[in-house]
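Trainee: Predicted model and sequence below, questions to follow.
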Amino acid sequence: MSEWSQRTGDPVHETIQKYSDMVYRLAFCKTQNRFDAEDIYQDVFMKLFSEQRHFESEEHKKAWLIKTTVNMSINLIKSAWRRYTAGEKETLPAAEHANANPQREKLMAALKSLSEKYRVVLYLHYYEDLSTDKIAEITGASPTAVRSQLMRGRKKLKRMIEEMEVD
């Protein structure tokens, strides 16, 4: 670890500490590939600090990070290189699930099998605690579409979990 990142009170270090999990998980949620998620993670923070952006509030900074992560993920997914090299979908590293209970593992497996549009809105709503209006602003969808995706995503998730319990 470099000397600059060990200093307390360093705004760069504090921002990375505060938002790194959110950026990585959202990128992984979109790409389903840890290598792509790591690249996006680095690119988002490089863009943030190289442009020396000024934010009105922490919420504004968080919204910018989410929007930038979503946009960079979409750009990567649409790229010709990604279409050419896309392989199997991955899972989060085992360490992420080390303390997981069987119910949580069922939920995570069901979440991963949902289509991207449902995974992303569920993640932003439940993990990042964003309103449907804020999710709509970030994703470019209408608030009505986001509410619909949340409702359908919940139903699909419930059905998948019930099917897992039957098996």
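Mentor: That came through fine. Residues are numbered from 1 along each chain as shown.

Trainee: Return the residues in contact with Leu26.
Mentor: If a contact means Cβ atoms under 8 Å, 6 or more residues apart in numbering, then Leu26 has Ile66, Thr69, Val70, Ser73, Val120, Tyr123, Leu124, Glu128 as its contacts. C-beta here means a position set from N, CA and C on the backbone, and glycine is covered the same way.

Trainee: out of these, which are buried?
Mentor: Those of the contacts of Leu26 that meet the buried threshold are Ile66, Thr69, Val70, Ser73, Val120, Tyr123, Leu124, Glu128, by 16 or more other Cβ atoms under 10 Å.

Trainee: Checking the third one next. Helix, strand or coil?
Mentor: The three-state label for Val70, taken from DSSP: H, G, I helix; E, B strand; the rest coil, comes out as helix.

Trainee: which strands and helices sit next to the host helix or strand of His60?
Mentor: Element membership of His60 [criterion: DSSP states H and E] is helix 58-78. Under the contact criterion of 3 or more Cβ pairs under 8 Å, 6 or more residues apart in numbering; DSSP states H and E, the helices and strands touching helix 58-78 comprise helix 11-31, helix 34-50, helix 132-139.

Trainee: and Glu105, how many neighbours does it have?
Mentor: Taking other Cβ atoms under 10 Å as the neighbour definition, Glu105 ends up with a count of 12.

Trainee: Then Gly140?
Mentor: With neighbours defined by other Cβ under 10 Å, the count for Gly140 comes to 11.

Trainee: Good, wrapping up.
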